[in-house]
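Asks: Sequence and predicted model, in that order:
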Amino acid sequence: MSPPTATEAAPDTEVAATARTGAGILRRRAHWQAALTLAVLAAAALLALRHWPVIASGADRLTGADPGWLVLGATAATATWACSALAQQGAVPEALPGGRLVAVQFAASAANHLLPAGVGAGAVNLRFLTRCGLPVTRSATALAVKATAGGMARGALIAFLALAVPGLLRLPRASTVLVVAAVLVAAALALLLIGPVRRAAGAVLADVRAVHRLPGRALALWGGSLAFASLHALVVIAVTRSLAVPLPPGRVALAYFVASSAAVLLPTPGGIGGLDAALALALSLSGAPGSAAASVVLGYRLLTVWLPLLPGLLVLGLLVRRRVL
């Protein structure tokens, strides 16, 4: 067989060069993301050390919580995995195996607490979708559709509570300098990311249109996303009730929605550190004492992270062993 000509070898060389370039970009992004994650976790650790007496007092208060409300919170936390599975099914037109999909969401929630910025959950779901026969690009877009719906669901719930209960949303005062600085930073980021964001948004929009041609899928996507956020808020409400914290449920829910929306911007594993600080601050601004806010955050984390973590990792290992992932 004669050796390939220069014109035949050129495409292969270009493909290899493109692959090496893409791999280099992914490695650099991973390094920056890991560095930012470590910085956020370090800041959270320093903040925890500085306010350790408040955290210790909150932990002591949690030992006397009403078990009935904690059981309700645990039940709501368990139901979030089914809602996550429903939203993921709604993000793709193809039918996915229901039982395995719920198990994957349970495993993904555990993996999400080990890697930064949803990378763990994203990797688990991406692997599952490709195992179900979806191409990698379509699987990645389906994850983006689900994430976009989740963010929009939180925004819709914030707007609903703000309109349904006038005076519930109290915006903090900000100086003109801070407002102008925030606008300038947002504009700079928009200019830097306009190209990649436009391309990604185009792919996501195409899949959103495909999903909304099927009313059942659209209902699953939006219903699952709204229920997922609402159940997490119910967990926080149940913990506040178990500790007899004198806050209205609507205010607690609003505090959670705002805190979880802000924590999305911090690439920590499972939002640990970022969500904790944001939720404690939101509860304190809503009128909860510092130790009570710390107790609520600890109770929320106990029900949604620490208790399900080991079983979730065991399910993850089982799914890998059975080649579901």
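Replies: Arrived safely, thanks for sending.
Asks: In the chain, where is pLDDT below threshold?
Replies: Along the chain, the model assigns pLDDT under 70 to residues 1-60, 115-118, 166-207, 265-273.
Asks: Just the strands from it, written as ranges.
Replies: Shown for the chain, no strands are assigned by DSSP state E.
Asks: Would you map the helices across it?
Replies: 6-50, 52-62, 67-90, 98-111, 119-131, 136-164, 176-212, 215-242, 249-263, 274-285, 290-301, 307-321 (DSSP state H).
Asks: Excluding sequence neighbours, find me the nearest residue to residue 258.
Replies: Nearest residue to residue 258 in three dimensions, chain neighbours excluded: residue 282, at 5.5 Å (Cβ to Cβ, 6 or more residues apart in numbering). Every residue, glycine included, has its C-beta placed from N, CA and C.
Asks: Identify the residues contacting the one you found.
Replies: 255, 256, 258, 259 (Cβ atoms under 8 Å, 6 or more residues apart in numbering).
Asks: how about a cut-off of 7 Å?
Replies: 255, 258, 259 (Cβ atoms under 7 Å, 6 or more residues apart in numbering).
Asks: do the same with residue 74
Replies: Contacts here follow Cβ under 7 Å, 6+ apart; on that basis residue 74 touches residue 303.
Asks: Check the one 10 residues further on too.
Replies: Contact analysis of residue 84 by Cβ under 7 Å, 6+ apart lists 105, 224, 228.
Asks: just to revisit the earlier point, distance of the residue nearest to residue 258 relative to residue 155?
Replies: Distance, residue 282 to residue 155, by Cβ to Cβ, to the nearest Å: 16 Å.
Asks: Equivalent analysis for residue 303, please.
Replies: According to Cβ to Cβ, residue 303 stands 25 Å off from residue 155.
Asks: Counting neighbours, go ahead and name the busier of those two.
Replies: residue 303 (24 against 13; other Cβ atoms under 10 Å).
Asks: Is it correct that that one is in contact with residue 73?
Replies: Yes - the pair residue 303 / residue 73 is scored as a contact, 5.0 Å apart, by Cβ atoms under 7 Å.
Asks: intersection of neighbour lists for those two?
Replies: Residues touching both residue 303 and residue 73 (Cβ under 7 Å, 6+ apart): residue 235.
Asks: My guess is residue 73 contacts residue 239. True?
Replies: Yes - in terms of Cβ under 7 Å, residue 73 counts as a neighbour of residue 239; the distance is 5.5 Å.
Asks: I'd guessed residue 81 sits against residue 107; true?
Replies: No - proximity of residue 81 to residue 107 does not meet the contact threshold set by Cβ under 7 Å, at 9.4 Å.
Asks: related to what we said a few turns ago, ok, and the most crowded of the contacts of residue 282?
Replies: residue 255 leads the contacts of residue 282 on contacts (other Cβ under 10 Å) with 29 neighbours.
Asks: who's in contact with that one?
Replies: Counting by Cβ under 7 Å, 6+ apart, residue 255 makes contact with 279, 282, 283, 286.
Asks: Once you drop chain neighbours, what's closest to the first one?
Replies: Distances taken as Cβ to Cβ, 6+ apart put residue 259 closest to residue 279, at 4.1 Å, once the chain neighbours are dropped.
Asks: From what I see, the one you found and residue 275 are in contact.
Replies: Yes - the criterion here is Cβ under 7 Å, and residue 259 meets it with residue 275 at 6.2 Å.
Asks: Can you get me a residue count around residue 85?
Replies: 25.
Asks: Would you enumerate the residues in contact with it?
Replies: Residue 85 neighbours (Cβ under 7 Å, 6+ apart): 101, 102, 105.
Asks: cool, and residue 257?
Replies: Contacts of residue 257 (Cβ under 7 Å, 6+ apart): 154, 157, 158, 229, 233.
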